[in-house]
Structures are given as structure tokens and as C-alpha cells.
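Undergrad: next comes the sequence, and after it the predicted model I'd like to discuss.
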Amino acid sequence: MTFARSQKGMGLLGWMITAAVVAFFASAGFKMFPHYMDNAALEKTITGIETDKVADVRSIPDFYAHVRKAMTVNAITGIDLEKAMEVKLDNNEFRVHLKYETREALIQNLDLVARFDKEYRVRMP
């Protein structure tokens, strides 16, 4: 009868296991967060061309140059733009397919992988 009353919470081992699991997921989150922020910056750049009157993007090379400048400003270095982005122009509208993946080392030969695959339709300003 006294055994049930003496158990009032987790022991030291339970807290250590909980801390290890939380630290593992926090580490994974902190490693992947910058990749999602880079993708958000790219998405904002691509969709922002439609409303940016200063950019004056009229051709596919202009589009690539504008995105490349935004990548430089935002310090996005791990993405090869020619492989990751495909741009087509038809009827005064850019059709952009952004598809790439990023890898981040987790533990020795285990990697975290994030795949980004999205299509955009951007009208010329």
C-alpha cells in the first residue's frame, strides 16, 4: 500500500531520457530551420516580382538575375539556381518551378533531408 504513495514523479533516469529526446529534436529543428527560412526568402522573391515595379523583369535572364541578387542579399549559398529553378515565359506570365533538396548531417552517416517542390505563376509587372 505504501508503494503507490511513494511514487510521486519521474526519477533521475526518466528525466535524463526526456532531456535526451528533447535535445535530439531541438538539434534537428535548429539544423533544418535555416533551410526553411531560405526557401521562404526564395518564395518571397519569386512572388514579389509581380508587385516590384523597380525590378523591371521582362525576360527569363532578368528573372534569374533578380533571384540571384536576392540570394546574394539573403546569403543563400547552398542552392544551385540553374538546377533548382526552371522558368518559362508564356502570355506575359512566368511559370516558375522551384525544385531542390537540402541535406544536413545529423549523426555520422545519417542526414536530415528537406525537399522543396513548388510551382509559381508570376505575371509580368
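TA: Here it is on my side, so go on.

Undergrad: contact partners of stretch 78-94?
TA: Identification of contacts with stretch 78-94 by CB atoms under 8 Å, 6 or more residues apart in numbering yields 35, 38, 42, 49, 57, 59-60, 63-64, 67-68, 71, 95-100, 102, 120-124. Bear in mind the C-beta positions are built from the backbone N, C-alpha and C, glycine included.

Undergrad: so how far is Gly9 from the closest residue to His35 other than its chain neighbours?
TA: Nearest non-adjacent residue to His35, counting by CB to CB, 6 or more residues apart in numbering: Thr102, 4.6 Å away. Per CB to CB, to the nearest Å, Thr102 is found 41 Å from Gly9.

Undergrad: and these two? which has more neighbours close in?
TA: Neighbour count, other CB atoms under 10 Å: between Thr102 and Gly9, Thr102 has more, with 19 against 6.

Undergrad: could you look up the SS state of that one?
TA: strand (DSSP: H, G, I helix; E, B strand; the rest coil).

Undergrad: tell me the bridge partners for it.
TA: Counting by DSSP bridges, Thr102 is bridged to Ala114.

Undergrad: in contact with it, which residues?
TA: Thr102 neighbours (CB under 8 Å, 6+ apart): 35, 38, 78-79, 113-114, 116.

Undergrad: hmm, 10 Å instead?
TA: 32, 34-36, 38-39, 78-79, 84, 111-116 (CB atoms under 10 Å, 6 or more residues apart in numbering).

Undergrad: next one: it relative to Ser59, how far apart?
TA: Counting by CB to CB, the gap from Thr102 to Ser59 is 29 Å.

Undergrad: ditto for Asn91
TA: Distance of Asn91 to Ser59, given as CB to CB: 14 Å.

Undergrad: which of the contacts of stretch 78-94 fall in helices?
TA: With helices defined by DSSP state H, the entries of these inside them are 35, 38, 42, 60, 63-64, 67-68, 71.

Undergrad: widest-spaced pair of these?
TA: Taking CB to CB as the measure, these span a maximum distance of 26.0 Å, between His35 and Ile60.
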